[in-house]
Structures are given as structure tokens and as C-alpha cells.
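**Student:** no FASTA, just this:
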RNA sequence: CGGGCCGGAGUAUGCCGGUAGUACGCCUGAUUUGGGAUCAGGUAGACCGAGUUCGAUUCUCGGCGGCCCGACCA
């Protein structure tokens, strides 16, 4: 992609109406555009990052046998009334009537509709276990949207649901998902710590995946030895005692919740009558669990924990481009490098702008935060090119013919 | 939803009860390319409503919008 053709521009100053670092840097870099409180549009650079995060999620979930599907954002009142949640959801669910008076809600989670749909396909123990997920925009009437991408009214969510015949089978799958989550977060460049939290409908705990950051809304106590934590929201003393953790060795930190996993038991399958027939012909409710990740929140969290005073520092796996190529008055030569990099499958953002000074190009490269910066300029010999890793201060000059091997 | 702060060109900001100023951006021309170019010319702005006043962008009230704190929360 050429910077001269990019839809967005960078901003030199921070937007006055944002204090969260993730929002400031993402807006300045042209990754997102703000529409209203808690609602952001993803611009081409931001969309690329988001798609990379989504693809990491897809790869890891597909590996554990989950299939991607896509449910409706519309949800009907009847299904939610079956579980008794229509009225209690009012606070957070956008609910409305159409012109005929029929009532709908916009989905902020999909246990009810998916459980209802699953009745078409799950009838026998032979049909189980199953796991499906989607990556979809959710709507949530937040009392207070805040912290840039971290708490919005419209946000992308990956929601995975699994269906089982026994608690043991569910427990096993639950651990598989937890392991997949560890891989997903580390691939995005986050250090997420698995955290005991309340809220499991059919077990003592749910598990949250927390990223330590000052801007985080949660407080967690980390057991660094075990790389696990306990959320302050649970009855900490009692839980620590049960786990046998020494409270004095725990570290208290604020953290961002980037994912969570819940054992649901039969909370949804019973009222919605999702049951299967077992080997002896008895009808039994399906045992379920659900698992969430907010890809936009992941993106915001990465920016919060990985930036410097000049801009964002993306990991190679989710950077919008692997390489940021700058031409300083040498567009013909730089174009040649650009073509060769692209031909060998390397993603490159090429700053071909002829009306921008060197300083501005460097500042934009730092702000956008691609892992590798290449510079082609008249200061170097014809067969040379400069390479620098973000955020290292010192560049290196190498032979142009070696650059593709260096980057592979 | 309670409390606080704020609302002006695309962005960021200074001053002000009396002609709305600056920087960046953007446009034209010339010169320029190693850390946010130079010169010349140009473009573009007071959230909405009511009140006070000779006169309101400025003061007061209400609404709307934004951020922060709290409550709530993927």
C-alpha cells in the first residue's frame, strides 16, 4: 500500500477529547475514527490490525475443533423471555419495536438464540460434543463508554459456545479453550494472565484473561510463580485459602479483561429445551459453556501496553504491515524495492509522498508502528538500504539485495 | 444514572461584553528531502435555544454533545 493513496492521514496533535492512550494513538495514526462516545470506525490501517487479530483467533479456535458461523444481530423477545432475561437485559440491551409492534433486541451475547438454533441440529448423544463461534459486532448500552476502544457501545466480539453430554467432557474442552486463549493472546503480543473470577453460573469461578495496565478497570492479585491471578471481585481471602496461595506473595495490579470463559451448565438448555437422547433412550439437557474475546479491546490493550512517546509498537503478528518503507527523494529506487518486497509476499507500507519532509515521514513511521523501517535515500550508495527495527534507536545499512532474506 | 470539567475553521489552541486571532492542515506558485521544510498569496470557524444587555462567541439558565470520577459492566 502506498501512503500517498491511503484514505487516512496522521495527526500531529492529540485529539482534545481523548485521554486514553489507545484512543489518542489510534486516532492520530489513522487507525480509527471516532463517531460518538464509545463508537469508533475502523479505517484501513485499523481494519488490517483487527483482521489479523481475528485471524489469529480463527486459527487457534479451528485447531480445537470449533467451527465459525454467523448468527443474527437481531434477537427476538420470546427467546429471551424463555430464560427470563428479557427484562433484566433491558439495562444493557438495545431493545425496540418495529412498526408492527414486534419487539427486538440487538445482540450483546448469543446464548439464547444459539441454544434455540442448536435444537435443530443436536438431538442425540451422537451429535455431541460440538463447538461453534462467531466474530460479530455486538451492541451494548453502556452507562458510561470510556477508555477509547476498551469500553464501547458497539464493539466486535468473538463468542464461542460449546455443547456437551457430561460435565467432565465440558471441563476438558474448557481447558483446551483456556490453552488456546493463552496462545491467542501471546500471538497478539499481550501477556494475559488467567484469573479466577466470579460469575460462573455453574461453577465456583469463571476465568478471565487479564492484561496488566494502569487503565484497566479490574484489580487482580497475581501469583507470579504460577502465572495465575485472582480478581478482587471474588471473596479473595476465602478463595486464596482454598487455593493455598500466600496472600503476602501476591502482587496487586490494575488490569484489562481481554477475554473470559464461563461454564453455563444447563442454564440455557433447560429453559430453551435443548436436549439430547442418551444411550439408554433418556432425554437430557445439553451442558454448555461460553467463551468471549473482544478483538477491538485486544487492539486497544496492545496499544496501551506497547507504545512509546513516538507512537505504537505493534508485534509482527498484528502489525498492519510488516515493513514501513520510506523514500527520501529516491522514488524510482524505492518503488523497485517496494515491488520486490511485495513480490516475495512481504507486506509493506510505502511512503512515496513527494511533498513531505524527512522528519514527518520518520514521525509517521514511528506513530504507525510497523516493526521494520526501511529507508532509501540519496545519502546511501546505490546498492544500499537502511533497516531499523521499531523501536530501536539505531539503524543499520545493508545491501539492497540482502533485504528480502533479512526480513524473511 | 449521580457528580465535576469542557464545547470556536479539518486538527490543536491564545485573547476577549464591541471587526473572531495564531499554528498545523488544505489550495496556488517557486525553492526544497535524514527527525514534524522555506517564502509569497489564498481557503476555512463560535453546538442549539431562551434570558440579561445598546450590543453575547464571551455572562446566566435549559437542552444536546465530549471527557473524567463514581455506580454498573464484554
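**Tutor:** Perfect, I can see it now. Computed from a prediction, not measured in an experiment: that's the story for all the values here.

**Student:** can you tell me which residues contact the nearest residue to residue A:46 once chain neighbours are set aside?
**Tutor:** Once flanking residues are discounted, residue A:46 sits nearest to residue A:31: 3.4 Å by C-beta to C-beta, 6 or more residues apart in numbering. C-beta: built from backbone N, CA, C; applies to glycine. Taking C-beta atoms under 8 Å, 6 or more residues apart in numbering, we find residue A:31 in contact with A:8, A:25, A:42, A:43, A:45, A:46, A:49, A:320.

**Student:** so how far is residue A:312 from residue A:31?
**Tutor:** To residue A:312, residue A:31 is 8 Å away according to C-beta to C-beta, to the nearest Å.

**Student:** anything in contact with each of these two?
**Tutor:** What both residue A:31 and residue A:312 touch, as defined by C-beta under 8 Å, 6+ apart, is the set residue A:25.

**Student:** from the contacts of residue A:31, which two are the most distant?
**Tutor:** Greatest spatial distance among the contacts of residue A:31 (C-beta to C-beta): A:25 and A:42, at 14.6 Å.

**Student:** Between the two, point out the one with more neighbours.
**Tutor:** residue A:25 (24 against 19; other C-beta atoms under 10 Å).

**Student:** Quick check: mean pLDDT of the helix or strand encompassing the more buried one?
**Tutor:** Element membership for residue A:25 (DSSP states H and E) is helix A:21-28. The pLDDT scores in helix A:21-28 average 96.

**Student:** so after it, what's the next helix or strand?
**Tutor:** Where DSSP H and E defines the elements, the next helix or strand beyond helix A:21-28 is strand A:32-36.

**Student:** can I see the domain layout of chain A?
**Tutor:** Domain assignment of chain A by automatic domain parsing yields the ranges A:3-308, A:323-407.

**Student:** The longest one: end-to-end distance?
**Tutor:** Length of domain A:3-308, first residue to last, C-alpha to C-alpha, to the nearest Å: 22 Å.

**Student:** The helix or strand encompassing residue A:259 versus helix A:21-28: what angle between them?
**Tutor:** Residue A:259 belongs to strand A:251-265 when assigned by DSSP H and E. Strand A:251-265 runs at 80 degrees relative to helix A:21-28, counting by axes from the mean of the first three to the mean of the last three C-alpha atoms, to 10 degrees.

**Student:** What residues sit buried inside strand A:251-265?
**Tutor:** Buried positions in strand A:251-265, judged by neighbour count with 16 or more other C-beta atoms under 10 Å: A:253, A:255, A:256, A:257, A:258, A:259, A:260, A:261, A:262, A:263, A:264, A:265.

**Student:** Now, the contacts of residue A:31 that are in strands?
**Tutor:** Under the assignment DSSP state E, the contacts of residue A:31 contribute residue A:42 to strands.

**Student:** Of the contacts of residue A:31 - the most surrounded one?
**Tutor:** residue A:49 (27 neighbours).

**Student:** That one against residue A:321, yeah?
**Tutor:** No - counting by C-beta atoms under 8 Å, residue A:49 sits too far from residue A:321 to count as a contact (9.9 Å).

**Student:** Can you pull the phi/psi pair for residue A:290?
**Tutor:** Reported as degrees, to the nearest 10, the phi and psi values for residue A:290 are phi -130, psi 150.

**Student:** measure it to RNA strand B for me?
**Tutor:** 9 Å (C-beta to the nearest atom of the strand, to the nearest Å).

**Student:** so that residue bridges to which residues?
**Tutor:** With DSSP bridges as the criterion, residue A:290 is bridged to residue A:161, residue A:262.

**Student:** ok, now which ones touch it?
**Tutor:** Taking C-beta under 8 Å, 6+ apart, we find residue A:290 in contact with A:109, A:111, A:159, A:160, A:161, A:162, A:261, A:262, A:264.
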